[in-house]
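Peer 1: dropping a prediction and its sequence here:
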Amino acid sequence: MVQWDKMPNHVWLSVVFVVVCATILTYLLTMWAIKYVNASVVGIYSYVQPFLASIIAVSMGKDTLTISKILIGFFIFTGVYLVSYTGKYIERNRTDTNRVKGATYKRTS
């Protein structure tokens with residue numbers, strides 16, 4: 001059983017930091033960024049953050065680089081690339097089936 005009353009203050013401050021800064025503030029900043037930047041750019045940054053955190057942790061000697069981490073990073077970036085590329089491909093090759101060639105349309109409100 002956890003003795004909550006024996007928990008040191010620095011542990012409580014760490015919990016508050018993780019909840020407020022690393023969770024709530026991150027989501028709020030993500031929503032704010034989507035207003036000003038394309039959602040795909042925000043998504044790419046969201047996927048790059050764990051990758052950068054891993055690089056920093058390994059370079060500081062706090063973590064080790066394993067083949068599974070390399071593969072996971074590869075799959076993440078491949079997925080982001082495929083989603084970005086597929087979206088651009090679809091947008092370039094989209095045809096509007098509701099329009100008739102040569103017809104003029106009035107804009108309605």
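Peer 2: On my side now, so go ahead. Owing to the predicted nature of the structure, the values given are computational and were not obtained by experimental measurement.
Peer 1: what are the buried residues along the lowest-mean-pLDDT helix or strand in the chain?
Peer 2: Ranking every helix and strand in the chain by mean pLDDT, DSSP states H and E puts helix 67-93 at the bottom, with a mean of 77. Buried positions in helix 67-93, judged by neighbour count with 16 or more other Cβ atoms under 10 Å: 73, 80. (Each C-beta comes from the backbone N, C-alpha and C, glycine too.)
Peer 1: and if you look at stretch 52-63?
Peer 2: Ser54.
Peer 1: gap between the spatially most central residue of the chain and Thr66?
Peer 2: In the chain, the C-alpha closest to the average C-alpha coordinate belongs to Ser46, at a distance of 2.3 Å (Cα atoms, centre = their mean). Per Cβ to Cβ, to the nearest Å, Ser46 is found 23 Å from Thr66.
Peer 1: using the three-state scheme, assign the residue lying closest to Thr64 once chain neighbours are set aside.
Peer 2: Of all residues beyond its chain neighbours, the one nearest Thr64 is Val58 (6.8 Å), with distances taken as Cβ to Cβ, 6 or more residues apart in numbering. At Val58 the chain is in helix, as set by DSSP: H, G, I helix; E, B strand; the rest coil.
Peer 1: relative to Thr78, how far out is Val58?
Peer 2: Relative to Thr78, and taking Cβ to Cβ, Val58 is found at 21 Å.
Peer 1: ditto for Leu25
Peer 2: 30 Å.
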